[in-house]
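quick one: sequence and predicted model below, then my questions.
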Amino acid sequence: MAARGRCPECGSAALVEDAHYAQQQLVCAACGCVLSEGLLTTTYTEEEHLREVAYSQSTGQKEQLSRCLQRGIRRVQDLCKVLQLPAAFEETAVSYFQRALQLPAFHLVSLEKKELLGGCCVFVTCRQHSWPLTMGTICSLLYAKQELFAGVYLSLQKELGLSVPALSLADLVTTHLSSFRLCQPTANIPAPFLEDKEKLLARTLGIVELASEAWLVTGRHPVPIVTAAAFLAWQSLRPGPRLSCPLARFCRLAGVDLPPPAHLRLKELLEILLGMASQLSWLRGFTLDKKSVVKHVGDLLQHRVFLLKRAFSQQDGQEQQDTAPGQDSPGQESPGQDSMGPGSQDKDSPDKDSPGQDSGCPSAGKRQPGGTLRPLLPPCLIHPRKRPRPAAPSAPGPAPTGDEPISDSEIEEYLRSPEEIQAFGRAKAWL
């Protein structure tokens, strides 16, 4: 087959391509000069110009990537079908997967990470479209470890420069409760334990918002908080037969795992509820504990803003302890009263008695030594670590030699006034 160009030896244009031992060669038909020998490592583009390239860019590598790409696209499409995602989500996830496989960062990774790459593309797409999907759901479908999945996800986000918004706590509550078997009538669930999904979702969202306002959410894993809030909401909707059900049994009936910190989050939520219950006038005649306060969760959530402000002081505890009780001036308010003392009544308050009084529930919020309720602070500040982590030892500084420069703040100590100079001269003369 004739080819364009001329022979560099004789200048003839009779150039032909000849297959010699299955290798393509460009030969001059006039003088027999071999212009180029067969090249096994070429790309589809380079084959037209017959230039040798590395094997990582050759047709063989392209064929391997194409097979990997086909398997990955099918995996992404199957995952989207299982999750019942819209067609637009599937197209976006496939495009992310195709872009990712073209990057050198994903060429030499293990096969396990390449299989997780498709799940990461689906996860990113759902987050960008505010679709409530958690990393745990993807990992359970792919039978993958969350640590490995998180590493591939961060690499994908960095290499493609993707902006992925965080999943809101309300969306997480909706997703977490959607799988509860307690909202689905089955033979294994007792009738008193069944609950309407919408009622449970609304009550759980209210408790989660309360936890957020009480500094129980910041810096913590959200699943234990949602689990504890759902348990309290489920008990409060029908407390009679459900108060005796522990958290572990609730999780088994709901068909969800019990995260270990959920017991601690439940304890903190109950402490907040007890402090709020102490400010309701119609509950001051009762002795409330961590079980009986669950019956009044609906009332506490209804007046959440006022009760939080009244039950937990926002002032600095140290300033309130500087003035001891009984030593206040006649015109000064006591440390246990704020701007809403006995002389002022909040118009939005559900409490008809004096808010400054606290003669009711003995299980009310614990008071500090100054006679005030503890401030509403993050738990890490209220209960600090008993054994603080030791600071890393610093390298010893150089030994002083006396030739170090004097800073501007220290040099003023060495400057003397004219009077000091005269007194120093007289003392020197006298010596």
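Thanks, I have the structure now.

buried residues, stretch 256-265. List them.
256, 258-259, 262-263, 265 (16 or more other C-beta atoms under 10 Å). From N, CA and C alone the C-beta is placed, and that goes for glycine too.

make CSV from those residues and add secondary structure and pLDDT to it.
Below are these laid out as CSV (DSSP: H, G, I helix; E, B strand; the rest coil; pLDDT from 0 to 100):
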residue, secondary structure, pLDDT
Val256, coil, 86
Leu258, coil, 88
Pro259, coil, 86
Ala262, helix, 91
His263, helix, 92
Arg265, helix, 92
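
from those, which is closest to Val164?
Nearest to Val164 among those is Pro259, at 23.6 Å by C-beta to C-beta.

surely that closest one and His221 touch.
Yes - assessed by C-beta atoms under 8 Å, Pro259 is found in contact with His221 at 7.3 Å.

can I see the domain layout of this protein?
If you go by the TED database, the domain ranges for the chain are 1-50, 67-165, 170-314.

just so I know, which of those lies nearest His383?
domain 170-314 (9.9 Å).

what distance separates that closest one from the middle of the whole chain?
22 Å (C-alpha atoms, centre = their mean, to the nearest Å).

what of stretch 123-133?
14 Å.

quick one: end-to-end length of that stretch, please.
7 Å (C-alpha to C-alpha, to the nearest Å).

before we move on, the earlier item: so which of the domains of the chain is nearest Arg426?
Comparing those by C-beta to C-beta, domain 170-314 comes nearest, at 61.4 Å.

could you pull out the strands for the protein?
Here the chain has its strands, by DSSP state E, at 2-3, 15-20, 23-28, 34-36.

how many neighbouring residues does the residue nearest to Arg75 when sequence neighbours are not counted have?
Counting by C-beta to C-beta, 6 or more residues apart in numbering, Arg75 lies nearest to Gly118, which is 4.4 Å off, once chain neighbours are set aside. Per other C-beta atoms under 10 Å, the neighbour tally for Gly118 reads 28.

same thing with Phe89?
So Phe89, with other C-beta under 10 Å, has 19 neighbours.

give the contact list for it.
80, 122, 125-126, 129, 131 (C-beta atoms under 8 Å, 6 or more residues apart in numbering).

so of these, which two are at opposite extremes in space?
Among the contacts of Phe89, Cys80 and His129 lie farthest apart (C-beta to C-beta), at 12.2 Å.

so which of these two has more stuff around it?
Applying other C-beta under 10 Å to Cys80 and His129 shows that Cys80 carries more neighbours, namely 23 against 14.

my guess is the more buried one meets Glu90, correct?
Yes - taking C-beta under 8 Å as the definition, Cys80 is a contact partner of Glu90 at 4.2 Å.

show me what counts as buried in stretch 25-37.
25-28, 35.

ok, back up a step: how much space separates the residue nearest to Arg75 from Val82?
Counting by C-beta to C-beta, to the nearest Å, the gap from Gly118 to Val82 is 12 Å.
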